[in-house]
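Engineer: Please work out how this folds:
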Amino acid sequence: MKNIKIIYTLVTVAFLAFTGCEDVLDVEASDAFAEDLIYSDPVQVERLVFSAYNSTESWGVNKFQWWSRRFNIESASMEAKFNFNDLDLFRLRAGWDPANMGVLSDKWRNYWDYVRSINEFLDRVDDSKAMQDSPSEVLILKAEMRFLRGNLYSKLLKLYGGVPIMEHALGLDDDYQLVRNTYEECVDFIVSDLDYAANILPETRPGSEFGRATKLSALAVKSRTLLYAASDLHDPALAPQATNKELYTYSKASKWQDAADAAKAIIDLVGARDLIAVNNDKDYQDLFLAPNQDILFARSYGNLYYDFGTDANSLPNQTQAPSGYGGWALSSPTHNHALLYSMDDGSPTTSGSYDPNVPNANREMRYYANLNYNGAVFRERQVEYFLSEDVNVYPHGLDSPEGLGNVLHSSKTGYNMRKFQDESVGMTETSPGRPFILYRLAEIYLNYAEAQYQLGNEAEARLFLNKSVTRALLPAVTASGTDLLEAIKKERRIELAFEGHNFYDERRWMEEDKLGFDVRGLQWTKKTDGSLVNTEYTVVNRPWDDKQYYLPIPSLEVEKAPSLLQNDGYL
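Structural biologist: As a prediction, this is how the structure comes out:
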């Protein structure tokens with residue numbers, strides 16, 4: 001393994017300025033010795049850790065850009081499209097190149113800035129006065145930082161393939177020519193960080209510490225990392241890359257067993273309990289609005305640990321609500337995604353139970369919890385996407401392109417996101433403590449189901465798949481063979497909708513018909529007799545190129561370190 005260090009010239013003072021948490025980082029000294037004072041005080045050391053938690057991100061795909069602080073990667077997946085004025089902010093139609101990846105362009109720089117900061121902390125903390133005076137407290141803080149670094153590397157690996165492994169901050173006399181480690185080496189490094197953290201972090205936290213890492217948090221990142229590594233995209237026989245395959249492939253014979261074991265470690269700790277039961281779509285929607293026992297790691301919305309914690313319009317209420325309510329409707333769910341939701345009897349929309357003339361009738365509970373659609377009762381009125389056949393008889397719908405608010409925000413697909421909406425507060429009001437969920441138990445059960453299927457243990461796979469399916473008030477899945485695998489994939493697409501999974505899931509499964517496709521929508525018309533009719537249509541075409549399995553490394557970074565190999569397919 002090539003363990004390569006990286007420079008961090010401004011040390012802790014620059015770190016504090018970068019993270020922008022002035023409210024919790026009130027250090028006493030501002031001269032060259034400020035960092036020594038910081039590392040002498042366990043309270044100040046803890047505040048460094050609070051700042052590093054910003055690396056976990058939140059509702060926005062890029063918090064450093066005003067627009068992209070308000071929508072996430074769902075708009076680059078099969079689930080949704082960016083809605084405002086049909087702009088191609090992710091450059092899914094224009095294509096990625098090393099100089100421009102749209103709103104994803106800053107990911108490389110932002111993640112490495114946090115890695116540098118965490119490495120500086122890890123280099124200093126063991127020999128610090130704070131560690132000498134309060135070893136048990138500071139050891140947990142160190143474990144949190146190892147957790148955060150493992151989580152960062154897991155995200156880098158998904159976006160870029162193998163990246164340089166950097167365990168230390170670099171001095172002025174060190175070599176800056178970075179070399180990418182193999183995909184497999186990166187997975188091992190991530191697992192090492194997470195195992196270290198899991199062995200030290202507490203299994204639970206009091207409510208006052210909701211949002212800080214636990215043993216379960218570390219194991220959850222490990223589970224996701226190993227599941228992704230075992231998937232088709234990283235199989236040496238299936239990987240699409242023509243060159244430098246070691247940057248993208250994972251060849252361990254035990255990969256599926258390792259993925260199963262990582263999920264099982266969490267399952268054993270929670271006693272394989274059922275997911276929190278719900279009676280209806282409102283109960284299900286509420287699961288995403290407050291802390292609960294199924295959340296393994298989340299950002300807590302508030303200003304104690306995280307920046308932008310009081311920025312109300314970075315929450316989904318306004319940013320994702322229909323335009324007629326004053327919403328910005330930034331991510332429009334696709335009709336392609338809406339069709340994945342079953343009927344309430346468990347049958348698919350490809351069956352005779354589904355009537356395209358009344359597409360919103362008799363659907364499964366999560367359809368109503370996750371989506372706003374024409375006729376949905378939202379904030380005490382029906383959503384109205386329809387245009388009128390004759391405005392002298394009926395006016396255009398309030399949420400239509402001729403309705404209220406900024407009509408450039410009107411839905412282009414006939415849907416808006418309802419998941420994460422807190423309808424108990426106003427559109428621009430905050431909901432203190434609301435979680436942005438990053439890892440939860442339902443994902444772990446589905447991770448385990450997928451790994452057990454690949455190991456040939458179908459009964460075990462069905463058992464844990466059905467913990468999610470039946471919680472959604474649907475009949476248990478009885479399928480076997482490839483039908484069972486498709487059921488697992490479908491359940492991930494619905495249960496984990498809009499939580500940042502689909503962009504990566506379709507890639508790791510190499511489901512190219514869900515990566516490049518016609519984005520479909522519904523246009524609604526209100527006839528003069530009062531009836532409503534819809535027409536399915538293509539909103540935009542989303543092309544696909546195999547190089548888009550990964551982002552390119554930004555051209556400026558390759559210019560600074562020519563030893564970095566560019567990702568396959570990018571000049």
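Engineer: Could you use CA atoms for every contact and neighbour count after this?
Structural biologist: Noted.
Engineer: So for stretch 36-50, mean pLDDT?
Structural biologist: On average, the pLDDT along stretch 36-50 is 92.
Engineer: Which positions within stretch 96-109 qualify as buried?
Structural biologist: 96-98, 100-108 (16 or more other C-alpha atoms under 10 Å).
Engineer: Buried residues, the helix or strand that contains Val138. List them.
Structural biologist: Under the criterion of DSSP states H and E, Val138 resides in helix 135-160. Neighbour-count burial for helix 135-160 flags 138-160 (criterion: 16+ other C-alpha under 10 Å).
Engineer: One more: stretch 527-541?
Structural biologist: Residues 527, 532, 534, 539-540 are the ones in stretch 527-541 that count as buried (16+ other C-alpha under 10 Å).
Engineer: secondary structure element for the residue most central in space within the chain?
Structural biologist: Among the residues of the chain, the one closest to the centroid is Gly500, at 2.8 Å (C-alpha atoms, centre = their mean). Under the criterion DSSP H and E, no helix or strand holds Gly500.
Engineer: Now do the same for the residue lying closest to Ala312 once chain neighbours are set aside: its pLDDT.
Structural biologist: Nearest non-adjacent residue to Ala312, counting by C-alpha to C-alpha, 6 or more residues apart in numbering: Thr430, 5.3 Å away. Among the per-residue scores, Thr430 shows a pLDDT of 83.
Engineer: and what of the one 10 residues further on?
Structural biologist: With respect to pLDDT, Arg440 scores 98.
Engineer: And it, how close does it get to Glu203?
Structural biologist: Distance of Arg440 to Glu203, given as C-alpha to C-alpha, to the nearest Å: 14 Å.
Engineer: So these two - more neighbours on which side?
Structural biologist: Comparing Arg440 with Glu203 by other C-alpha atoms under 10 Å, the one with more neighbours is Arg440, at 19 against 14.
Engineer: can I assume the more buried one is in contact with Pro291?
Structural biologist: No: the criterion here is C-alpha atoms under 8 Å, and Arg440 misses it with Pro291 at 11.0 Å.
Engineer: what residues are up against the closest residue to Arg93 other than its chain neighbours?
Structural biologist: Of all residues not flanking Arg93 in the chain, Arg542 sits nearest, at 5.7 Å (C-alpha to C-alpha, 6+ apart). By C-alpha atoms under 8 Å, 6 or more residues apart in numbering, the contact list for Arg542 reads 92-93, 515-519.
Engineer: so where's the stretch 251-400 of the chain shaky on pLDDT?
Structural biologist: For the stretch 251-400 of the chain, the stretches flagged by pLDDT under 70 are 303-310.
Engineer: residue ranges of the strands in the stretch 1-150 of the chain, please?
Structural biologist: Under the criterion DSSP state E, counting those that start in this stretch, the stretch 1-150 of the chain contains strands at 6-7, 80-82.
Engineer: same question, the stretch 201-350 of the chain
Structural biologist: Counting by DSSP E, counting those that start in this stretch, the stretch 201-350 of the chain has these strands, from start to end: 295-300, 331-333.
Engineer: quick one: strands adjacent to the longest one?
Structural biologist: Sheet neighbours of strand 295-300, with direction, are listed as strand 435-440 (antiparallel) (DSSP bridges).
Engineer: What of the last one?
Structural biologist: Looking at strand 331-333 with DSSP bridges, its partner strands are strand 80-82 (antiparallel).
Engineer: Cool, thanks, signing off.
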